[in-house]
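J.: sequence and predicted structure, then a few things I'm wondering about:
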2 protein chains.
Amino acid sequence: MGEQHKQVSEAEPRTVGAVQTTLDIIDLLHQRDGAGVTELSEELDLSKGTVHSHLATLYKNEYLIKNGDEYNLSLRYLHLAETVRDRLGFYDVVREEVDELAAESGELSQFATEEHGRAVYIYKAKGDKAVETASSVGKREFLHCISLGKAMLAHYSESYVDEIIDEYGLPGFTDTTVTSRDDLFENLAEIRERGYAIDNEERIDGLRCVAAPVLHNDGTVLGAVSLSGPSSRMIGERFDEELPSMVVRAANVIEINSQYS
Amino acid sequence: MGEQHKQVSEAEPRTVGAVQTTLDIIDLLHQRDGAGVTELSEELDLSKGTVHSHLATLYKNEYLIKNGDEYNLSLRYLHLAETVRDRLGFYDVVREEVDELAAESGELSQFATEEHGRAVYIYKAKGDKAVETASSVGKREFLHCISLGKAMLAHYSESYVDEIIDEYGLPGFTDTTVTSRDDLFENLAEIRERGYAIDNEERIDGLRCVAAPVLHNDGTVLGAVSLSGPSSRMIGERFDEELPSMVVRAANVIEINSQYS
DNA sequence: AAACGTCGTTTGGGTAGACCGAACAATTAA
DNA sequence: TTAATTGTTCGGTCTACCCAAACGACGTTT
């Protein structure tokens, strides 16, 4: 692997329209909880016949189940997901460490990796005082406004960070969200020095987080671990030393015990 | 819902060829751990250009990631899988009960449901003396040769069981596998009376299992819970009373605590 | 360092097939 | 019974899927 050479956007290559249609159908079935032929055809501006043949193709391949006249996504995705997750090579270690972080701190602990310029939550565990958040496994989130994301961005090449900014911009969510390119790069330099990232209510008001990056031997970013909690509890020495040292330690354990090290 | 009206096979409706091609590509990327354009085009007898445009479509929709020249499945399937799993409405209860069964018995405990005429493993937990098996979450298995499958079959309509047999047959794996239609129906009648199913080394030599069906109020089959262990330990009162009562109890708990009850 | 091999990507063109629209079947409601 | 929905089928048209060949970008070899 050595050097990573990632790209987010580029001059659009030729795509397959029929496949796009099918993916749109899957997306819609994912959003709603099942749907019929007519509903899908109206929503996607396709003829009923077209939708029917797409559904038939997916059904034949067992990507859908049928309950009367309602189509819905099948458990086949579970098999794919399990395989993809296993191939990460560090899922088991992540689960152990995140569980321990949550238990030890009492807060919410999470692990995420990056794909297509956004963070993807892989695992989460709640401590006995943990806050509820909208994040769930598989969900995608912008990188610039969360501690997990910034921890990862700090170890990407400048050109890749630029590409991501070009793709998604730097949308603001609270009044502390970093929305300028220069501020972000300054922030990332601090993170590299400090060894961990901070989210000071940048995504959600009242929520503070710390996160440490999980790096491969060669500098590749595997992901990041975090702890999140209400600002009232995330203060003083606990926020400046205790919790950071916990996520850094967990990150190190994950690095060392990764399958491909 | 009331009466369930399922079908496995039928006169083939019209499908979309381009979509089938994409699904074949996904399947191949699932089997192997990533692949390049040339490898896929050779394996599937397609031109490189065609494969490229399919991959571009999937990539654009973030169903794939790209590592240099290697394409691989992305974590997007994780999001879909999580959603599908949540929609089952009983996953959390299943996890609790299966964990407890494993701890209590020391054996391997599993939960499966049925899709397209086959069992799909949803969750598994290993007790301290549990055997290793080839089953994994998301995997599909024939119904007639495992306890989980027979427990479910016992509560399907005769016509649906017939359809499944027509689709997959009754392949034998050991010398105790039920391979005749009449024997199977006789077996299913016993299971209904007894309240749980037995797998006496019918799938794997030396492995015995017991499984209880999880039923909905209206008689719909939600799935089944099982315990599996080496035949040497699965004997006497333990196999005839103790373990069966455990899986039946767990099944009842799942039924009661299901989201849609 | 030039020549070769191999990869992914691009592009034009022909024809298979994706899409539409209308008719049909199968339920449910009025 | 009628009427209004649904999902499903099917013929015809024109789009776009697919192929083949050329191109560009690396690596390796001689």
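T.: Received, thanks. Numbering: from 1, shown residues only, chains lettered A, B, ... in the order given.
J.: so residue A:19 makes contact with residue B:23?
T.: No. The criterion here is Cβ atoms under 8 Å, and residue A:19 misses it with residue B:23 at 9.3 Å. Glycine gets a C-beta too; all of them are placed from N, C-alpha and C.
J.: so for the two, which sits in the more crowded spot?
T.: residue A:19 (25 against 20; other Cβ atoms under 10 Å in any protein chain shown).
J.: output whichever strand or helix holds that one as PDB, nothing but the C-alphas.
T.: With secondary structure defined by DSSP states H and E, residue A:19 is part of helix A:17-31. Output in PDB follows, covering the C-alpha atoms of helix A:17-31 (Å, rounded to 0.1, in the frame of the first residue of the first chain):
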ATOM      1  CA  GLY A  17     -28.700   4.300 -16.400                       C
ATOM      2  CA  ALA A  18     -30.600   1.100 -15.600                       C
ATOM      3  CA  VAL A  19     -28.300   0.400 -12.700                       C
ATOM      4  CA  GLN A  20     -28.900   3.900 -11.400                       C
ATOM      5  CA  THR A  21     -32.600   3.300 -11.500                       C
ATOM      6  CA  THR A  22     -32.300   0.100  -9.500                       C
ATOM      7  CA  LEU A  23     -30.100   1.900  -6.900                       C
ATOM      8  CA  ASP A  24     -32.700   4.700  -6.700                       C
ATOM      9  CA  ILE A  25     -35.300   2.000  -6.000                       C
ATOM     10  CA  ILE A  26     -33.200   0.500  -3.300                       C
ATOM     11  CA  ASP A  27     -32.600   3.900  -1.700                       C
ATOM     12  CA  LEU A  28     -36.300   4.600  -1.600                       C
ATOM     13  CA  LEU A  29     -37.000   1.200  -0.100                       C
ATOM     14  CA  HIS A  30     -34.400   2.000   2.500                       C
ATOM     15  CA  GLN A  31     -35.900   5.400   3.400                       C
END
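J.: quick check, that helix touching chain B?
T.: Yes. Helix A:17-31 is in contact with chain B by Cβ under 8 Å from any Cβ of the partner chain, via A:18-20, A:22-23, A:26, A:30.
J.: between the residues you listed, which is closest to residue A:50?
T.: residue A:18 (9.1 Å; Cβ to Cβ).
J.: hmm, the closest one is touching residue B:21, no?
T.: No. In this structure residue A:18 lies outside contact range of residue B:21 using Cβ under 8 Å: 9.2 Å.
J.: all strands for the stretch 1-150 of chain A, in order.
T.: For the stretch 1-150 of chain A, the strands defined by DSSP state E, counting those that start in this stretch cover A:64-67, A:70-73, A:108-115, A:118-126, A:140-141.
J.: let's have those in CSV, adding mean pLDDT, mean neighbour count and distance to residue B:254.
T.: Compiled in CSV, these are given as follows (pLDDT from 0 to 100; neighbours: other Cβ atoms under 10 Å in any protein chain shown; distance: least, Cβ to Cβ, whole Å):
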stretch, mean pLDDT, mean neighbour count, distance to residue B:254
strand A:64-67, 95, 18, 20
strand A:70-73, 97, 18, 21
strand A:108-115, 98, 25, 28
strand A:118-126, 97, 21, 23
strand A:140-141, 96, 18, 32
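J.: enumerate the positions of stretch A:152-160 that are buried.
T.: By neighbour count with 16 or more other Cβ atoms under 10 Å in any protein chain shown, stretch A:152-160 contains the buried residues A:152-156, A:160.
J.: how about the nearest residue to whatever residue of chain A ends up closest to DNA strand D, chain neighbours excluded?
T.: At 2.1 Å from DNA strand D, residue A:36 is the closest residue in chain A, using Cβ to the nearest atom of the strand. Spatial nearest neighbour of residue A:36, chain neighbours left out: residue A:69 (5.1 Å); criterion: Cβ to Cβ, 6 or more residues apart in numbering or on different chains.
J.: quick one, phi/psi of the one you found?
T.: phi -100, psi 10 (degrees, to the nearest 10).
J.: any low-confidence regions in the stretch 151-261 of chain A?
T.: For the stretch 151-261 of chain A, the stretches flagged by pLDDT under 70 are A:260-261.
J.: need phi/psi at the residue in it that DNA strand C sits nearest to.
T.: Of all residues in the stretch 151-261 of chain A, residue A:163 sits closest to DNA strand C, at 15.4 Å by Cβ to the nearest atom of the strand. Per-residue torsions, residue A:163: phi -60, psi -40 (degrees, to the nearest 10).
J.: beta-bridge partners for the residue positioned nearest the centre of chain A, please?
T.: Centroid check for chain A by Cα atoms, centre = their mean gives residue A:120 as the closest residue, at 1.3 Å. Per DSSP bridges, the residues bridged to residue A:120 are residue A:113, residue A:140.
J.: how close does it get to residue A:156?
T.: 15 Å (Cβ to Cβ, to the nearest Å).
J.: any idea how far residue A:56 is from the residue of chain A found nearest DNA strand C?
T.: Closest contact between chain A and DNA strand C, by Cβ to the nearest atom of the strand, is at residue A:49 (2.3 Å). Distance of residue A:49 to residue A:56, given as Cβ to Cβ: 11 Å.
J.: the more surrounded of those two?
T.: It is residue A:56, of residue A:49 and residue A:56, that has more neighbours when counted by other Cβ under 10 Å, with 18 against 11.
J.: could you tell me the per-residue confidence at the residue of chain A closest to DNA strand C?
T.: Turning to residue A:49, the model gives it a pLDDT of 96.
J.: what of residue A:132?
T.: You'll see residue A:132 listed with a pLDDT of 87.
J.: got a list of what it touches?
T.: Listed by Cβ atoms under 8 Å, 6 or more residues apart in numbering or on different chains, the contact set of residue A:132 is empty.
J.: helices along chain A, start to end?
T.: Counting by DSSP state H, chain A has helices at residues A:17-31, A:37-44, A:48-60, A:76-88, A:91-105, A:147-153, A:158-168, A:181-194, A:236-237, A:243-257.
J.: quick one, which of these is nearest to residue B:83?
T.: Once the helices of chain A are compared by Cβ to Cβ, helix A:17-31 is nearest, at 6.0 Å.
J.: list the helices and strands that closest one packs on?
T.: On a contact count with 3 or more Cβ pairs under 8 Å, 6 or more residues apart in numbering or on different chains; DSSP states H and E, helix A:17-31 meets helix A:37-44, helix A:48-60, strand A:70-73, helix B:17-31, helix B:48-60, helix B:76-88.
J.: can you put these in CSV and add distance to residue A:211?
T.: CSV is the format used below for the helices and strands packed on helix A:17-31 (distance: least, Cβ to Cβ, whole Å):
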stretch, distance to residue A:211
helix A:37-44, 38
helix A:48-60, 38
strand A:70-73, 32
helix B:17-31, 31
helix B:48-60, 28
helix B:76-88, 20
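J.: out of those, which is closest to residue B:140?
T.: Closest among these, using Cβ to Cβ: helix B:17-31, at 13.0 Å.
J.: buried sites along the closest one?
T.: For helix B:17-31, by 16+ other Cβ under 10 Å, it's B:18-26, B:29-30.
J.: again with stretch A:177-192
T.: Buried residues in stretch A:177-192, counted by 16+ other Cβ under 10 Å: A:177-179, A:184-185, A:187-188, A:191.
J.: redo the residues you listed as a markdown table? Include distance to chain B.
T.: Below are these laid out as a markdown table (distance: Cβ to the nearest Cβ, whole Å):
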| residue | distance to chain B |
| --- | --- |
| A:177 | 24 |
| A:178 | 24 |
| A:179 | 24 |
| A:184 | 23 |
| A:185 | 25 |
| A:187 | 26 |
| A:188 | 23 |
| A:191 | 24 |
